[in-house]
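> A structural model of the following input is requested.
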Amino acid sequence: MLLLSLTLVQASVACMLTGLLLWGLLSQAARHWPALAAQRSVWLGAQLVLAAAFVLPLLPATQQLSVVPEVGVPAALAVLNPLDPLGPLGHLAPGLPMATDAPATAPPSGMAWLALAPPAWSLIYLLGLVCTAWRWQRGRAMLRTLLQLAQPRHLHGIDALEVDAPISPMLVGVWRPRLLLPVHLAQFTPEQQQLVIVHELTHARRRDPLILLLATLLQALLWFNPAARWLAGKLAWAQELGCDRQVLAGRPPRECQQYAAALVKQLGLQMQPLPGLGFGGGTRVMAERVMRMREGQKRQPVAMRVLTGSALCAIGAASLALQPSLAWTVAAVPAAMLAAPATAPAAWRNPLDTMRVTGFFGVVRPVTPQGHSGIDLAARRGTPVHAAADGIASVSEDARLGKAVRINHGGGVESLYAHLDQVRLATGMAVTAGQAIGTVGATGMATGPHLHFQVSRNGHLQDPQQWLAGLDAKATARALRVRKEQFGR
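Predicted coordinates:
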């Protein structure tokens, strides 16, 4: 639960930053290419990019796409399992329960407040969703009341509903939209009435109600982000401008004047617009629509559409790739646990055919003294995992380690292979060095496919470098640099 809260904070921050980038890009683009304002695909695409920047980091399968090093999180933020030598992400130790001589370290006083931030934001986010849903439901209730009061009417060959209320003509419904007209539409000329109805029917042909529903759901999901509200408003504006353009296409100037006059007359008769697609709007909206009718609306050049779409895709990809994965930070491994065993063991077989060490034993993070209980070996999902030495296997699975295999090698020595995708043996089976015991995965609380390999002796964690030969030559530059900075070797 805490991992989800932390990831939600990270996703929310990424969504805010992505929204800022989208606002800057599209504001400048609309300033240079005014025709962009009527392109609903651009504004809907921007909303989808913003939603992806928020949702994708919450999915474990996408966290491995990040190209930025993980961010350490103080161990004081977690409620840890004292029987689990691995951290909730499977590659950092939340404590040293196997070393009974290691004293407990109290978290700094400020950590108590810091620990409340992720769950507090999770609660605020859920409350925001509830409030957003309540406001949406209240608007829908008003529409249902109007529909109950409405009477069927046949106007200009179209079956519609008429209600005695100061509303704008509108479409109600998504899958089977119905035309809801106010009684005051009778004050319009027959030509104006026909243009108003054509406007609403054009919305239905363009599937605007369905797009509006999708935009509403996205805005509810991202209720905390001002950019989401801005994009939703721009999308609604683009729908109206696009509809105006299609209605007026090829019509003589007189009908265009009648259309503009109908807009102005509607403004004086309606009250606050209801949620939905309606032939109306505020004073500023009406004035700009009339101005665009006089000037004529031009389509955005194809090259500009391609350029804008490419920029949106680039922002979406960057928002995901530049998000670091979360990692726990914990108390440092005591020096006694870094000491060599009393009897130096013979080198074991490597658990992977191709070794790529991304994290060494005992390395600490900069936030607090921390320690890694084993080594991390990066590999693709499905890579075979081999037993490092002979022994008796035991299989387990839990929320943190995922699918894991422990092998008792005798003499108090045990090896652990965590986050496996598949396990190819059962508890109690005897294994030999090099035997395939499973495949690499990302089960449990892991930031991506990798193997966490850990060694303990008589209940004390050991540095796997004492048991596996040549790890330095198989380590990434970052892993070597971090270890050197902290241990000088």
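
> ok, how many other residues are close to the residue nearest to Ala475 when sequence neighbours are not counted?
In this structure, Ala475 finds its nearest non-sequential neighbour in Val357, 3.9 Å apart by C-beta to C-beta, 6 or more residues apart in numbering. Backbone N, C-alpha and C define where each C-beta goes, glycine included. Neighbourhood size, Val357 [other C-beta atoms under 10 Å]: 23.

> Could you do Ala37 as well?
For Ala37, using other C-beta under 10 Å, the count is 21.

> That one looks like it's in a helix, true?
Yes. The assignment for Ala37 is a helix, going by DSSP: H, G, I helix; E, B strand; the rest coil.

> quick one, what contacts it?
For Ala37, the contact set (C-beta atoms under 8 Å, 6 or more residues apart in numbering) comprises 30, 234, 237-238, 241.

> mind redoing it with 6 Å?
If a contact means C-beta atoms under 6 Å, 6 or more residues apart in numbering, then Ala37 has Ala30 as its contacts.

> what does Gly242 give?
38, 40.

> Tell me which helix or strand it sits in.
Here Gly242 is covered by helix 226-248, with elements defined by DSSP states H and E.

> gap between whatever helix or strand comes next after that helix and the chain center?
Following helix 226-248 in sequence order, the next helix or strand is helix 253-269 (DSSP H and E). Chain-centre distance of helix 253-269: 44 Å, with C-alpha atoms, centre = their mean, to the nearest Å.

> Can you classify the residue nearest the centre of the chain by secondary structure?
For the chain, the residue nearest the mean C-alpha position is Val55 (2.1 Å; C-alpha atoms, centre = their mean). Assigned with three-state DSSP, Val55 falls in the helix class.

> Need the pLDDT of it.
Val55 carries a pLDDT score of 87 in this model.

> What distance do you get for it to Asn408?
43 Å (C-beta to C-beta, to the nearest Å).

> Can you point out the buried residues in stretch 137-149?
Neighbour counts over stretch 137-149 (16 or more other C-beta atoms under 10 Å) mark 143, 146 as buried.

> So what's the gap between it and the chain middle?
Centroid separation for stretch 137-149 versus its chain: 33 Å, with C-alpha atoms, centre = their mean.

> Which parts of the helix holding Gly242 count as buried, going by neighbours?
227-228, 230-232, 234-248.

> just stretch 165-184 next, same as before
165, 167-172, 177, 179-184.

> what does stretch 404-420 give?
404-407, 409, 413-420.

> Also stretch 28-44?
Neighbour-count burial for stretch 28-44, with 16+ other C-beta under 10 Å as criterion, is recorded at 29-30, 33, 35-40, 42-44.

> Report the two of these separated the most.
Trp33 and Leu44 (17.3 Å; C-beta to C-beta).

> Model confidence for Ala332, exactly?
40.

> list the contacts for the residue nearest to Ala475?
Shown in contact with Val357 (C-beta under 6 Å, 6+ apart): 375, 471, 474-475, 479.

> Identify the bridge partners of it.
Note on Val357: beta-bridge partners by DSSP bridges are Leu377, Ala475.

> what pLDDT, on average, does the longest helix along the chain get?
Identified as the longest helix of the chain according to DSSP state H is helix 111-149. What helix 111-149 shows for mean pLDDT is 83.

> Next: stretch 388-400.
Across stretch 388-400, the average pLDDT comes to 91.

> and that stretch, C-alpha only, in PDB?
Once non-C-alpha atoms are left out, stretch 388-400 reads as follows in PDB (Å, rounded to 0.1, in the frame of the first residue of the first chain):
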ATOM      1  CA  ALA A 388      25.000 -21.300  -7.600                       C
ATOM      2  CA  ALA A 389      26.000 -24.500  -5.700                       C
ATOM      3  CA  ASP A 390      24.600 -27.900  -4.600                       C
ATOM      4  CA  GLY A 391      21.900 -27.900  -1.900                       C
ATOM      5  CA  ILE A 392      18.300 -28.400  -0.900                       C
ATOM      6  CA  ALA A 393      15.700 -26.000  -2.400                       C
ATOM      7  CA  SER A 394      12.700 -24.400  -0.800                       C
ATOM      8  CA  VAL A 395      10.200 -22.400  -2.800                       C
ATOM      9  CA  SER A 396       8.200 -19.400  -1.500                       C
ATOM     10  CA  GLU A 397       6.100 -16.500  -2.900                       C
ATOM     11  CA  ASP A 398       5.000 -13.300  -1.200                       C
ATOM     12  CA  ALA A 399       4.000  -9.800  -2.000                       C
ATOM     13  CA  ARG A 400       7.600  -8.400  -1.700                       C
END
